[in-house]
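Asker: sequence-free structure coming up:
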């Protein structure tokens, strides 16, 4: 299938972590330190600064917004115009704190890069933490290689996370208390570095594949069943939104390096229509 991809909005630095909520698209412009909210026409309807650069975004059951501060290793809660620290993650995250999914009980699962990627440090394993609404932090997975985009199935029983630099998607069972077990490979995708991901109702995962300039749809087991090609940039994350959750929103940037992206401001939000609706969280 050939997809017609259009640009919804541009002029950003390095957009990441898109989320669909209440008719709008939210995302973190990581290298510019700003969270944006766009309407379906690409108009900015809200924006706010985040010290330490924003990454994962989510919402508590009561509607309060959560956002990860990458460099400050914090989970923040937005209340009005203020951001309050929910949890300090520095003890658990040796690398920049990264993407996040928040479940129906308000438990936040947050990964981190694990090392200084931009400095060229050696790849090393790291952890995923769970933060309860009261700020309690615990490690729920270890020996993870750059845990990144994360989704939870509709029934709330399975968490799937992209281990970007291990070229795979990993799944866990979620217990009633939020702890993870039953670790298994959901899909191995050699030749791809899966970044931000989105789940659909058929159990397939759309994954941004920045080094192939595509967004790939992966079936459980690893078969790539669909591809959306992205021109003039690399996709770093995606989300399924729209009223029927059949609009694939893609965060695109010309490069990953901050010194390049800040100069170019070539980041944008692209979108295209797909045939299978989104599912689960976020």
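Answerer: Looks like it came in fine. Fair warning: this is a prediction, and the values are worked out from it, not measured in the lab.

Asker: Which parts of the stretch 151-282 of the chain are helices?
Answerer: 258-264 (DSSP state H, counting those that start in this stretch).

Asker: just the strands in it please.
Answerer: 158-163, 168-174, 180-188, 197-199, 205-209, 214-218, 224-229, 234-241, 247-253, 267-273 (DSSP state E, counting those that start in this stretch).

Asker: which secondary structure elements does the shortest one contact?
Answerer: Spelled out, it's strand 197-199. Using 3 or more Cβ pairs under 8 Å, 6 or more residues apart in numbering; DSSP states H and E as the contact test, the elements touching strand 197-199 are strand 147-152, strand 158-163, strand 205-209, strand 234-241. C-betas here are computed from N, CA, C, even on glycine.

Asker: In TSV, list the ones you listed along with distance to residue 256, mean neighbour count and mean pLDDT.
Answerer: Below are the helices and strands packed on strand 197-199 laid out as TSV (distance: least, Cβ to Cβ, whole Å; neighbours: other Cβ atoms under 10 Å; pLDDT from 0 to 100):
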stretch	distance to residue 256	mean neighbour count	mean pLDDT
strand 147-152	13	28	98
strand 158-163	15	25	98
strand 205-209	12	28	98
strand 234-241	7	26	98
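
Asker: Can you list the neighbours in contact with the helix-or-strand element of the chain with minimal mean pLDDT?
Answerer: Confidence across the helices and strands of the chain bottoms out at helix 258-264, with a mean of 86, counting by mean pLDDT, DSSP states H and E. Around helix 258-264, the neighbours that count as contacts under Cβ atoms under 8 Å, 6 or more residues apart in numbering are 13, 14, 31, 32, 118, 253, 254, 255, 267.

Asker: Run a quick neighbour tally on the fourth one.
Answerer: It refers to residue 32. Residues contacting residue 32 under the criterion other Cβ atoms under 10 Å number 21.

Asker: doesn't residue 16 make contact with it?
Answerer: No: using Cβ atoms under 8 Å, residue 32 is not in contact with residue 16; the gap is 10.8 Å.

Asker: Can you name the residues that contact residue 18?
Answerer: 25, 26, 27, 196, 237, 238, 239, 241, 249, 250, 251, 269.

Asker: how near is it to residue 197?
Answerer: 11 Å (Cβ to Cβ, to the nearest Å).

Asker: swap in residue 156?
Answerer: Applying Cβ to Cβ, the value for residue 156 to residue 197 is 17 Å.

Asker: Have a look at these two and say which one is more surrounded.
Answerer: Set residue 156 next to residue 197 and count neighbours by other Cβ under 10 Å: residue 197 wins out with 25 against 15.

Asker: before we move on, back to that, which among the strands of the stretch 151-282 of the chain is found nearest to residue 87?
Answerer: Nearest to residue 87 among these is strand 180-188 (17.8 Å), distances taken as Cβ to Cβ.

Asker: Now do the contacts for residue 229.
Answerer: Counting by Cβ under 8 Å, 6+ apart, residue 229 has contacts 3, 5, 213, 214.

Asker: coming back round to it: quick check: neighbours shared by residue 18 and residue 197?
Answerer: Contacts common to residue 18 and residue 197, judged by Cβ under 8 Å, 6+ apart, are 237, 238.
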